[in-house]
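Enquirer: What follows is a predicted protein model with its sequence.
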Amino acid sequence: MAVSAKKGRQSVGHSEVRLAWTLISPTALIVFSLVVFPAIFSIWVSFHDVGLHNLNDVFHAPYVGFQNYKQVINDYAFKFQSLKSIGAALTSIFYAFSATTLAIVIGTIASLLLNRPFKGRGLARSIFLFPYVAPIVSIAFVWRWILDPRTSGVANDLLMKLNLIDAPKAFLATRGLSLFIVILLDAWRYFPFAMLMILARLQAVDKTLYEAAKVDGANDVQQFFSITLPELRYVIGSTFLLRLMWTFNKFDDIFLYTGGGFGTKTLPVLTYEFSFRLYDFGRGAAAAMILLSILALFMIVYVALVMRKVEN
Amino acid sequence: MESENKNLISHLAAWINWKRFISAALMIFFLTSILFPFYWMVSSSFKTRAEIGGREPVYVPSGLRLDAYKELFDPSNPSYQNFGVNIINTLRVSIPTAFVTVILAVLGSYAIARLRFKGKEFLLNSILIVYLFPGVLLIIPLFAMLAQIGDVFNFDVQDNLGVLMFTYMAQTLPVALYMLTNYFRTIPDEIEQAALIDGCSRVQVIWKVTLPLAIPALISVGIYTFMIAWNEFLYAMVFLNDRFLFTMPIKINTIFNDPTPRPNVVMAASTIMTIPIMILFLALEKYLTEGLTAGGVKG
């Protein structure tokens, strides 16, 4: 059967190539002109002085060498100043790693919870996906309203009634606390993705492994650490790296929660501010390039570890 | 021997109960922390200004008061927001984005999944890597580049929903292509080979055999790209300045940043933006599983 299929293919081989390129050209054209070319072009912009004044004649912008990069690296918002103000680069890395780790831990717990059959499991699974599916704008403003700094904010009201805090807190406008809250909110929103990935893998684990472990007298905790976790190692690793890159790139969440203030300024928000608050596109592009080079490190790890494994 | 057995069983029963207790507690914790914000959004949208601005939060609104919705839709309201226009703008961007993305992605992914040509793997990999690019990186060159092109061809880049749609397609096409390629690969090649041997042309095979099998996947990819365009915030914020062209996310942001805070109005607009997505999502879930089973049965 395979042989006849091959023969059929060879006879139409030539026109097939032409058809293939016809079919794929619109997509390729859009992706290359609106993604690949701009990506390369932004390297160029990062070495030139581009602002609102010469935006209409951008290809003749003066070359400034590494000046944009120097400006970004010496910017007080980028640089590490003290432990209280660690700068956008470190904030980004810290935020991406902790939010991702937390999302994966919560996602693992959620997937274990949904892995055993019970009444209403399908409904529970749908509800667990809600935070991930709902529009970020709605989610962000609901949380800002819940965490409102006045006494009318429901979080302040509850915490004060439980005597956990004495006075209302400005959760999203306090240095230190804000970053912590933003990380929590991120984990709340993105754990369902990890949950889905892990759940799919959990359901493929060979059940006889658990039977054998039970015979050997292993309890649930031992079973989890000696069977479940090793089986999940690969999916957790790849989900972690993927989420890490996405979180590192995230602009909307932090911008909507805090506007990048109070010690939550990450590289994407800094890039936005350089470009569309100061209208210094060259400096914005330089910040984006620094962001991209850190991202590239993550990507290399991802490709080396995950994509190779997939090919095998 | 018997007493030992009994001990073991009662021990086991206690163990199961303890485990069940933990599971139930965790389940309740998850469900409340997920559902509470949604409850708070919908309930706040029905609160009056007095209920929302008091010293303490009102946990259950006094009734289904439509004050906030009137501000969004009623032209006679003193702070009328004309939110209907924003809903229409969002639809005008997201529906064409979804349609065009699905059509182009079907063509491209079919070629990648079925046909053999040079540079295929390179193409697929580079499109996948594109998916990992930060949107904020692309918006600077895109903004500069489109301003230049707009100058040459005499169209406005800002406040142009068509331009916005194209930038969304650049974001959604890679995902759509990836999802559909995977789906086409699950449809057995033999079905198509049989049709080819029966004398159908490639285009006929795609139209009459492959596409009908792929309908569930097309719907799920369509809904998925629709949701991306519906929710998009950064590009819309940069490209739109005219409040009559604002999409919903930008309008909600504007209402939120109004000098007189009106959380009930923000929550009403958020509710309107969220509910269709949640309904579509529940439909999508069904289609995802249906798509798999349908492919499995027919293949």
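Expert: Everything's here; your move.

Enquirer: List the neighbours of stretch B:158-165 that are in contact with it.
Expert: Residues from elsewhere that reach stretch B:158-165 (C-beta atoms under 8 Å, 6 or more residues apart in numbering or on different chains): B:89, B:92-93, B:96-97, B:100, B:146, B:150, B:155, B:157, B:229, B:235-236, B:239-242, B:245, B:247. The C-beta positions use only the backbone N, C-alpha and C, and glycine is treated the same way.

Enquirer: and if you look at stretch B:256-271?
Expert: Contact partners of stretch B:256-271, identified using C-beta under 8 Å, 6+ apart, comprise A:135, A:137-138, A:141-142, A:144-145, A:148, B:40-42, B:44-49, B:51-52, B:67-69, B:71-72, B:79, B:81, B:83, B:248, B:251-252, B:255.

Enquirer: Quick one: name the residues of the stretch 201-312 of chain A near chain B.
Expert: A:220, A:245-246, A:248-249, A:251-252, A:255-256, A:268, A:271-272, A:275-276, A:281, A:284-285, A:288-289, A:291-292, A:295, A:299 (C-beta under 8 Å from any C-beta of the partner chain).

Enquirer: Filter those residues down to the buried ones, ChimeraX style.
Expert: Entered in ChimeraX, the line below selects the buried ones among these, by 16 or more other C-beta atoms under 10 Å in any protein chain shown:
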select /A:245,246,248,249,251,252,255,256,268,271,272,275,276,281,284,285,288,289,291,292,295,299
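
Enquirer: Now, the residues of the stretch 201-312 of chain A next to chain B that are in helices?
Expert: In helices, defined here by DSSP state H, the members of these are A:220, A:245-246, A:248-249, A:252, A:255-256, A:268, A:271-272, A:275-276, A:281, A:284-285, A:288-289, A:291-292, A:295, A:299.

Enquirer: Packing partners of whichever strand or helix holds B:S43?
Expert: For B:S43, the host element (DSSP states H and E) is helix B:2-45. Helices and strands touching helix B:2-45, by 3 or more C-beta pairs under 8 Å, 6 or more residues apart in numbering or on different chains; DSSP states H and E, are helix A:87-115, helix A:121-133, helix A:136-146, helix B:263-298.

Enquirer: now those helices as a markdown table including mean pLDDT, distance to B:S23 and mean neighbour count?
Expert: Converted to a markdown table, the helices and strands packed on helix B:2-45 look like this (pLDDT from 0 to 100; distance: least, C-beta to C-beta, whole Å; neighbours: other C-beta atoms under 10 Å in any protein chain shown):
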| stretch | mean pLDDT | distance to B:S23 | mean neighbour count |
| --- | --- | --- | --- |
| helix A:87-115 | 92 | 6 | 21 |
| helix A:121-133 | 89 | 11 | 17 |
| helix A:136-146 | 94 | 27 | 24 |
| helix B:263-298 | 72 | 23 | 18 |
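
Enquirer: would you list the ones you listed in CSV and tack on distance to B:S109?
Expert: Shown next, in CSV, are those (distance: least, C-beta to C-beta, whole Å):
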stretch, distance to B:S109
helix A:87-115, 29
helix A:121-133, 24
helix A:136-146, 27
helix B:263-298, 14
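
Enquirer: Tell me which of these lies nearest to B:G135.
Expert: Smallest distance to B:G135 across these (C-beta to C-beta): 12.5 Å, for helix A:136-146.

Enquirer: what about dumping the CA coordinates of the closest one to PDB?
Expert: Extracted C-alpha coordinates of helix A:136-146, given in PDB (Å, rounded to 0.1, in the frame of the first residue of the first chain):
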ATOM      1  CA  ILE A 136      -7.200  39.700  29.900                       C
ATOM      2  CA  VAL A 137      -8.700  43.200  29.900                       C
ATOM      3  CA  SER A 138     -11.700  42.100  31.900                       C
ATOM      4  CA  ILE A 139      -9.700  39.900  34.200                       C
ATOM      5  CA  ALA A 140      -7.200  42.700  34.900                       C
ATOM      6  CA  PHE A 141      -9.900  45.200  35.800                       C
ATOM      7  CA  VAL A 142     -11.900  42.800  37.900                       C
ATOM      8  CA  TRP A 143      -8.800  42.100  40.000                       C
ATOM      9  CA  ARG A 144      -8.000  45.800  40.200                       C
ATOM     10  CA  TRP A 145     -11.500  46.300  41.500                       C
ATOM     11  CA  ILE A 146     -11.200  43.400  43.900                       C
END
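
Enquirer: what angle sits between it and helix B:2-45?
Expert: 90 degrees (axes from the mean of the first three to the mean of the last three C-alpha atoms, to 10 degrees).

Enquirer: anything in the following helix or strand past helix A:136-146 near chain B?
Expert: Moving toward the C-terminus from helix A:136-146, the next helix or strand (DSSP H and E) is helix A:154-161. Yes. Helix A:154-161 reaches chain B (C-beta under 8 Å from any C-beta) through A:V154, A:D157.

Enquirer: Excluding covalently adjacent residues, which one is nearest to the residue most central in space within chain B?
Expert: By C-alpha atoms, centre = their mean, the mean C-alpha position of chain B lies nearest to B:M227, the distance being 2.4 Å. Spatially, and ignoring its direct neighbours in sequence, B:M227 is nearest to B:I277 (5.9 Å; C-beta to C-beta, 6 or more residues apart in numbering or on different chains).
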